[in-house]
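1. Model the structure of this input:
(2 chains)
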Amino acid sequence: MSKRVLLGLLLACGLTASALAQEPKTGGVINAVIQPEPPGLMLAMVQNGPVQMVSGNIFEGLLRYSPKLEPQPELAESWTVSDDAKTYTFKLKKGVTWHDGKPFTAADVLFSIEMLKQTHARARANLVQVDKVEAPDDYTVVFTLKQPFGPFLGIFEVGSMPMVPKHLYEGTDWKTNPYNNAPVGTGPFMFKEWQKGSFIRMVKNPNYHEKGKPYLDEVYWQVIPDAAARSVAYETGKVDVLPGGSVENFDVPRLSKLKDTCVTGAGWEFFSPLAWLWLNNRQGPLADKRVRQAIMYAIDRDFAKDVIWNGLGKVATGPSASTIKYYSDDVPKYPYDPAKAKALLKEAGYKGEKIRILPLAYGETWQRWGEAVKQNLIDVGMNIETISTDVAGGNQKIGDWDYDIAFTYLYQYGDPALGVGRNYVSSAIAKGQVFNNVEGYSNPEIDKLFADGAVATPDSKRREIYEKAQKILVEDVPVAWMLELQFPTIMRCKVKNLITTGIGVNDGFKDAWLDK
Amino acid sequence: MKQFWKSMLRSPSGVIGLVILLLAIGIAVFGPLLFPNSPWRMVQRPFLPPFTLSTVPLGTDALGRDVFAGMIFGARVSLLVGLVSTLVALVVGVPIGAMAGYFGGKVDDALMRFTEFFQTIPSFALAIVLVAILQPSIYSIVASIAVVSWPPVARLVRGEVLSLRTREYVQAAVVTGQSNTWIILREILPNALSPVIVLASLMVATAILLESSLSFLGLGDPNLISWGYMVGAGRTVIRQAWWITVFPGVAILISVLGLNLIGEGLNDALNPRLSREGR
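-> Down below sits the predicted model:
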């Protein structure tokens, strides 16, 4: 089964390559699935996955990112960095207008930053190192940093820093602003209508600042709550695009075999979702490093990849996904080795104390994964009890540190300073939150490495620091890394160029076109 | 007693039901001893069709787990939940019904309003809510099934007691100054028992169905395999692998059918009018 998917992936890559050579055709309507229905569309206010996916095509950021996470121009057409790496100057593109016709200027950028600092938790964290932002003229924005911040050029993607129209939001109550329900951006598509529970419709922005784009006339985001019904909707032709994660994994091989269907795992490089098991380092047997290492040896991660994820994804080697910066596989390895796991457990003096495992309540795949991991651990002699709960209940238990082992997956945002450090440094231990250092791992050396890594220059120095950090973490096993997840996007082959950037569908309809 | 077995064995449905029940109990008790492999262990490649390998006669599920082992271990959970929750429901329902019927008046009113309170809530919805609140485990499942299934018992017992308490032998007992407890336990209840036994056999069947439905919805005990869980887990892949859902589904069907047949047989055997006609 996995072979077929691989074949599909190869096929899809081949097709994208040949598509690049073709001249894009204008016109046409695409139906895509959006799952689940977004709670709103104002990207500056809400940033759930589905919001980013729809609104990333309505709003824009200063930069876009290639699949290799190199910055590319979007609203900023060029940028320069000072020699001391503390001043970043962006030249904005001229002739860009909001969907209501007003021009986009540096004033909008300054306003957006002020607003995002209050409404967007991740943007706030990303902007901590910024001392001041200034606009010497209408088309120049200058960021002055307190100290050099390596990942700075990685924080301008549309979901991380969307540009908001100042003239519609300044002086209003942002939460109740009527434009939250009919967002106005600078993007290639304009919001048209939203029939709650049914579909969201966006239409082509005729005045888009990149001449000739977008190619499509309209995009419908169809809301279909049931996973099986989403598969059927694709089979019957009601929708043409199934973005990553919108159908269950076991449906992927069947759907990829359909006629005129292309599958790709690309378009998630910026997020690089990494799945792991939180291991509560504070109490019980898991406080012992050897028990945590035993867990790594006990779990058959290749099985999880091949059977549960249908061959999609990659076995994780450590805290960084292989797609993000400064990834290193020069770390201790933990192959599937039950005998070694048993030996380590014995050495650690584990005597069958009960260990609770909390699967992720995200549907079938995660439930099956929980069962498989549980069996792996039972096979090496651990006494495991599954606690079943819903998403909210699980988050609460994890946030309250009331767990032994818990499943999760998190985005990494391209740079270890943005998406990795938060899970391991001791300053990120805060009860009640679920995306920080939940496991309670505390190591002054790691704290220092991540603190230094964020501000070190040049790049080679950062690489050295993060490689060292990865080595230490993999030796200590604060959490048990499982898989780099891949969420395949399934679409009709006639949909071309949908996925060209590191965030894929989230800003993909700008370049997409239909081969009729 | 001899009389009872005679008429029970005379009704064909009763015999079939008994055979099925004994078989199921046999599997539940001895099966795990004969097939000690855990039903959770991944033993073969996933989605192996049935009847291809003798080690996994009924094929494997989405993770390569033995469907046959799941059926055997599932029998244990299904029967256990069915029997225990019925027992609990009887322990709650019979005294309430007996007291309401015997004392009448305000006691009757109070107890019956209380019973109706439970009867007006759709039982499956109530069971789901209870399990969700208490966190899914074998105890919360048994408890919630018992909570939703005692009211009919109470109503039935009350009706029987109402009609029995005006009989002369009961009044004689009252006149001779025997205590209320004594009269209920020794004079009335033994004579009210036959319809309760019939009802109980059907309740076991309902309880098995309820447990399966809860597990199907993912509210089963995550540490125990049950038929309902297997159907629920296989449901989404039914187009690729029918056997994961069909075999446990058939097991539920047969055991529930068996219990219903027993109920019918018991009804024939315990109802004096019916059994006399048959003679």
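
2. near chain A, which residues of chain B show up?
-> Proximity of chain B to chain A (CB under 8 Å from any CB of the partner chain) is limited to residues B:38, B:40-42, B:46, B:62-64, B:135-136, B:218-219, B:222-223, B:233, B:236-237, B:239-240. (Glycine included, C-beta is placed from N, CA and C.)

3. run the last query once more with 7 Å
-> B:40-42, B:46, B:62-64, B:136, B:222-223, B:236-237, B:240 (CB under 7 Å from any CB of the partner chain).

4. List just the nearest of the residues you listed to chain A.
-> residue B:222 (3.8 Å; CB to the nearest CB).

5. re earlier: just the buried subset of the residues of chain B next to chain A, please.
-> B:40-42, B:46, B:62-64, B:136, B:222-223, B:236-237 (16 or more other CB atoms under 10 Å in any protein chain shown).

6. Mind checking which of the residues you listed land in strands?
-> Per DSSP state E, strands hold no members of those.

7. Using TSV, lay out these together with pLDDT.
-> Listed next are those as TSV, based on pLDDT from 0 to 100:
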residue	pLDDT
B:40	91
B:41	90
B:42	88
B:46	88
B:62	88
B:63	90
B:64	91
B:136	90
B:222	90
B:223	91
B:236	81
B:237	84
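
8. Could you tell me how far whichever strand or helix holds residue B:18 lies from the centre of the chain?
-> Residue B:18 belongs to helix B:12-34 when assigned by DSSP states H and E. Here the centre of helix B:12-34 is set off from its chain's centre by 14 Å, with CA atoms, centre = their mean, to the nearest Å.

9. Please name every helix or strand in contact with it.
-> helix B:67-103, helix B:242-270 (3 or more CB pairs under 7 Å, 6 or more residues apart in numbering or on different chains; DSSP states H and E).

10. for chain B, what are the nearby residues on chain A?
-> Residues of chain A lying near chain B (CB under 7 Å from any CB): A:228, A:248, A:250, A:254, A:303, A:307, A:364, A:368, A:371-372, A:375, A:385-386, A:388.

11. thinking again about what came up before, same list, the residues of chain B next to chain A, but as a markdown table with distance to residue B:205 please.
-> Below are these laid out as a markdown table (distance: CB to CB, whole Å):
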| residue | distance to residue B:205 |
| --- | --- |
| B:40 | 27 |
| B:41 | 31 |
| B:42 | 33 |
| B:46 | 33 |
| B:62 | 29 |
| B:63 | 30 |
| B:64 | 32 |
| B:136 | 22 |
| B:222 | 25 |
| B:223 | 25 |
| B:236 | 27 |
| B:237 | 28 |
| B:240 | 31 |
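
12. Residue A:141 touches residue A:90, doesn't it?
-> Yes - using CB atoms under 7 Å, residue A:141 is in contact with residue A:90, at 4.7 Å.

13. Between the two, tell me which one has more neighbours.
-> residue A:141 (26 against 23; other CB atoms under 10 Å in any protein chain shown).

14. how distant is the helix or strand harbouring that one from the center of its chain?
-> Assigned by DSSP H and E, residue A:141 belongs to strand A:140-145. Centroid displacement of strand A:140-145 relative to its chain, using CA atoms, centre = their mean, is 27 Å.

15. tell me what the next helix or strand along the chain from that strand is packed against?
-> Once strand A:140-145 ends, the next helix or strand along the chain (criterion: DSSP H and E) is helix A:166-169. If you count contacts as 3+ CB pairs under 7 Å, 6+ apart, helix A:166-169 packs onto helix A:106-119.
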